[in-house]
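Engineer: pasted the sequence and its predicted model underneath.
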Amino acid sequence: MTTMADNVERSASDRERLVAVFGGTGFLGRRVVRHLLAHGFAVRAASRHPERIQTLFGKDQPGLQAVAADAHEETAVAMALAGAYGAVNAVSLYVEHGRETFSAVHVEAAARIARLARDAGVERLVHVSGIGADAGSPSPYIRARGRGELAVRQAFPDATLIRPTVMFGAGDAFLTILVRLVRILPLYPLFGSGETKLQPAYVEDVAEAIARVLESPAGAASVCYEIGGPRVYTYQELLHSIADAIGTRVRTVPVPFALWQVLARGAEFLPGAPLTRHQIALLRLDTITSGAWPGLQELSITPQALEVIVPQVVGRTINAR
């Protein structure tokens, strides 16, 4: 593994294959790094915690640089983008705390990365957003995602937007929690009637999609991809599918959203905010692909089924005890 100082002078051929990944140690970002390396790209993983790169990828991973970069800091972002052919913004935030607000991360930082990428001569920018991003949404999270997309496209008009549905995979904060709760709760409280629709996407499929977008010829990639899994579930169907996959049964009981909002208000004061009002608002909405944009099929990727990954998650939860 090399450092920024080792790469001050880069040849034209190096630039053509160097991609800066912001959020390179995150749940999605670390997978993006791996898939880009597998596709033959050189990768500059930019993170506030660059020391984690060595833990994740080993000390001497060929083609990988680790750099410290806070998406809020102009100089650090510019340095991470210097000499890069492409860039991926995989920085995300699901719970606000301190200066880490939805607006600061999904709008201001996203616009900063896009603007500085343009100024640095970066040719390809991939911005990771989310299904249903809408600048006019009453939900602060969804509204910030939508405003972020607009800000990115204004600063870097040729940016490609990646809108994944809720992602699952080893070490996630979605499927792992559901597996644990299905196994231990005698009665599972549903969000509302449990009819909200979801189309979970395997995180490795999303990462591979990003790598293929960057590998495609300039001008060939779509302006937006919606990435979803192979099946649409209602929330209740998803719980039963997980229960079947781990060989158990789940009993459910509807809980009104109004009561969940009250519970979430109190939970926001707990360490780590295990439940927030923003999350409850999201669970009222269907998170499925619209069909208006290309997705995994157009990138020749066969989506992985959630049921196939459940045994891996079960194994991790048992080992974590």
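Structural biologist: Structure's in. What do you need? As the structure is a prediction and not an experimental result, all values here were calculated from the model.

Engineer: going by C-alpha atoms from here, please, whenever you check contacts or count neighbours.
Structural biologist: Fine.

Engineer: next one: Ser300 from Glu307, what distance?
Structural biologist: 21 Å (Cα to Cα, to the nearest Å).

Engineer: check Leu18 too.
Structural biologist: With the distance defined as Cα to Cα, Leu18 ends up 35 Å from Glu307.

Engineer: which of Ser300 and Glu307 has more neighbours?
Structural biologist: Under the criterion of other Cα atoms under 10 Å, the comparison of Ser300 against Glu307 puts Glu307 first, with 15 against 10.

Engineer: residues contacting the more buried one?
Structural biologist: Ser241, Ile242, Ala245 (Cα atoms under 8 Å, 6 or more residues apart in numbering).

Engineer: beyond the helix or strand bottoming out on mean pLDDT in the chain, next helix or strand please.
Structural biologist: Of all regular secondary-structure elements in the chain, judged by mean pLDDT, DSSP states H and E, the least confident is helix 12-17 with a mean of 58. Elements were assigned by DSSP states H and E; along the chain past helix 12-17, the next helix or strand is strand 18-22.

Engineer: what residues are up against the spatially closest residue to Ile309 that is not a sequence neighbour?
Structural biologist: Distances taken as Cα to Cα, 6 or more residues apart in numbering put Gly169 closest to Ile309, at 6.9 Å, once the chain neighbours are dropped. For Gly169, the contact set (Cα under 8 Å, 6+ apart) comprises Leu175, Tyr202, Val203, Glu204, Ile309, Val313.

Engineer: of the residues you listed, which belong to strands?
Structural biologist: The subset of these located in strands under the criterion DSSP state E comprises Tyr202.

Engineer: was I right about Gly194 contacting Gln236?
Structural biologist: Yes: in this structure, Gly194 sits in contact with Gln236. The criterion is Cα atoms under 8 Å, and the distance is 4.9 Å.

Engineer: are we agreed that Val253 is in a helix?
Structural biologist: No: remark: Val253 does not belong to a helix; assigned using DSSP: H, G, I helix; E, B strand; the rest coil, it is strand.

Engineer: residue numbering should commence at 49 henceforth.
Structural biologist: Let's use 49 as the start, then, which means that last one is Val301.

Engineer: tell me what it is bridged to.
Structural biologist: Pro237 (DSSP bridges).

Engineer: that one and Pro234 touch, don't they?
Structural biologist: No: if you go by Cα under 8 Å, Val301 and Pro234 don't touch, sitting 10.5 Å apart.

Engineer: what packs against the strand or helix carrying Ala94?
Structural biologist: When elements are defined using DSSP H and E, Ala94 is found to belong to strand 90-95. Taking 3 or more Cα pairs under 8 Å, 6 or more residues apart in numbering; DSSP states H and E as the contact definition, the neighbouring helices and strands of strand 90-95 are strand 66-70, helix 77-86, strand 112-116.

Engineer: okay, the top helix by length along the chain in PDB with CA atoms only?
Structural biologist: Across the chain, the longest stretch assigned as helix under DSSP state H is helix 188-203. Coordinates of each C-alpha in helix 188-203 appear next as PDB, following Å, rounded to 0.1, in the frame of the first residue of the first chain:
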ATOM      1  CA  PRO A 188     -35.300  15.500   6.000                       C
ATOM      2  CA  TYR A 189     -33.300  12.500   4.900                       C
ATOM      3  CA  ILE A 190     -35.000  11.900   1.500                       C
ATOM      4  CA  ARG A 191     -35.100  15.700   0.900                       C
ATOM      5  CA  ALA A 192     -31.300  15.900   1.500                       C
ATOM      6  CA  ARG A 193     -30.600  13.000  -0.800                       C
ATOM      7  CA  GLY A 194     -32.700  14.800  -3.600                       C
ATOM      8  CA  ARG A 195     -31.000  18.200  -3.000                       C
ATOM      9  CA  GLY A 196     -27.700  16.400  -3.100                       C
ATOM     10  CA  GLU A 197     -28.400  14.900  -6.500                       C
ATOM     11  CA  LEU A 198     -29.300  18.400  -7.800                       C
ATOM     12  CA  ALA A 199     -26.200  19.900  -6.300                       C
ATOM     13  CA  VAL A 200     -23.900  17.200  -7.800                       C
ATOM     14  CA  ARG A 201     -25.400  17.500 -11.300                       C
ATOM     15  CA  GLN A 202     -25.100  21.300 -11.200                       C
ATOM     16  CA  ALA A 203     -21.400  21.100 -10.200                       C
END
